[in-house]
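> Show me how the following folds:
(one chain, ligands or ions: 1)
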Amino acid sequence: MLDKIAGLKAEIETLSASTPEEVEALRIKYLSKKGSVASLMTDFRTVPAEQKREIGQAINELKTLATDRINALREALETTESVDPGLDLTRPGAPMPVGTRHPLSIVSNEIISIFGRLGFTVAEGPEIEDDWHVFSALNFAADHPARDMQDTFFINREPDVLLRTHTSSVQSRVMEHTQPPIRIICPGRVYRNEAISARAHCFFHQVEALYVDTDVSFADLKQTLLYFAREMFGPETKIRLRPSYFPFTEPSAEMDISCNLCGGKGCSFCKGTGWVEILGCGMVDPNVLDSCGIDSKKYSGFALGMGVERITNLKYQVKDLRMFSENDTRFLQEFTAAAH
Ligand code: DAH
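The predicted structure follows:
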């Protein structure tokens, strides 16, 4: 009987089938009530008692083997069957859609990298701020209109918790805990209570730069501005400074660059003037240095701040500011080539 079992075992191990019907035939042949395994069970009754254990075990093993083998044949056929016969597995896969950098990130990274070449390093601060870092430390008078509800989003009054209206707040934070030399570039989002339109939004982005050291002069500021303008808009770019006012700088100026759309000849973008305004700047007011714990008799500095949306518009002529925050992928994908 053991020989018979061994014979069946060898047979089962080499079973094969190419259709489900063949598998079923094998199941009937080996595992049905009248199948080979069942007939062994019938023979088993006549086995002498002392051999029952050994033979019983062999029959059980054979039954498991047959069941596993036949199931495996069935599964193999099922998986091949579910594969579309027209499918070409050697074809390359469908491309995965790759995201693109947001235009504002592209431009802000470019600004950071230009200032990085001059030794400026990135500093960041919170968007939810207090009055001190956004206004008081920066020499805003107590009744300055920028503190007004109309401009500033307040989260809480007394103590004042608010959304920063400019990234100049990072200046005060860094100066509070760092002694000069300080050379920082501060990118980030700012908030102002403006009605949303093509030309204004309640949040936008700024990059602020601050340099404080011994003997920092207006000439250093001018040269830095010229370097930045040429790196950002091309070597032909001219700059022009107009006197201005900011509470935290004295003297203060606004910088225009020669219109990069018409090359300075005058067009609708520059309203015929040949110049476009791009940033505010000035020498850090000594009051600001002192408020932040830096000796204004020993140190001087310059600061500048610009809107990233404005620079991006100049580079890419985005007509409507709202495009920047709508996350329409058709718009975002236009900047793929520029992202490097
Ligand atoms: N904080 C100013 C604003 O939000 C921009 C600015 C102007 C920053 C002059 C400066 C500066 O650092 O010197 O409009």
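> contacting residues around Ala198?
Listed by C-beta atoms under 8 Å, 6 or more residues apart in numbering, the contact set of Ala198 reads Lys319, Asp320, Leu321, Arg322. Quick note: C-beta positions are derived from backbone N, CA and C, even for glycine.
> mind running it again at 10 Å?
Val318, Lys319, Asp320, Leu321, Arg322, Met323 (C-beta atoms under 10 Å, 6 or more residues apart in numbering).
> per-residue pLDDT, the first one?
With respect to pLDDT, Val318 scores 87.
> could you list every residue that touches it?
Val318 makes contact with Pro103, Leu104, Ala198, Glu309, Thr312, Phe324, Phe331, Glu334, Phe335, according to C-beta under 10 Å, 6+ apart.
> Are there helices or strands packed against whichever strand or helix holds Ser172, and which ones?
Assigned by DSSP states H and E, Ser172 falls within helix 169-177. Judged by 3 or more C-beta pairs under 10 Å, 6 or more residues apart in numbering; DSSP states H and E, helix 169-177 is in contact with strand 128-130, helix 131-134, strand 182-191, strand 203-213, helix 286-291, strand 300-307.
> Could you say which one of those comes nearest to the ligand?
Among the helices and strands packed on helix 169-177, the nearest to the ligand by C-beta to the nearest ligand atom is strand 300-307 (2.4 Å).
> Next secondary structure element downstream of that closest one?
Proceeding N to C from strand 300-307, the next assigned helix or strand is helix 308-316, under DSSP H and E.
> For that next one, enumerate the helices and strands it packs against.
Judged by 3+ C-beta pairs under 10 Å, 6+ apart, the packing partners of helix 308-316 are helix 103-116, strand 182-191, strand 203-213, helix 218-233, strand 275-284, helix 323-326.
> I'd guessed Thr46 sits against Leu40; true?
No: using C-beta atoms under 10 Å, Thr46 is not in contact with Leu40, being 11.2 Å away.
> More neighbours: which of the two?
Leu40 (19 against 7; other C-beta atoms under 10 Å).
> What helices and strands are in contact with the strand or helix carrying that one?
Using DSSP H and E, Leu40 maps to helix 36-44. Using 3+ C-beta pairs under 10 Å, 6+ apart, the elements in contact with helix 36-44 are helix 2-13, helix 20-31, helix 49-82.
> what residues are up against the residue of the stretch 51-200 of the chain at minimum distance from the ligand?
Nearest to the ligand, among the residues of the stretch 51-200 of the chain, is His166, at 3.3 Å (C-beta to the nearest ligand atom). By C-beta under 10 Å, 6+ apart, the contact set of His166 is 129, 134-135, 138, 146, 186, 188, 190-192, 206, 208, 246, 248, 280, 305, 307.
> can you do 6 Å?
Counting by C-beta atoms under 6 Å, 6 or more residues apart in numbering, His166 touches Val190.
> Quickly note the distance from it to Phe153.
According to C-beta to C-beta, to the nearest Å, His166 stands 13 Å off from Phe153.
> Also Arg74?
For Arg74 relative to Phe153 (C-beta to C-beta), the value is 67 Å.
> hang on, the earlier thing: quick one: which of the contacts of Ala198 is nearest Ser36?
The closest of these to Ser36 turns out to be Met323 (C-beta to C-beta; 76.0 Å).
> Thank you, goodbye.
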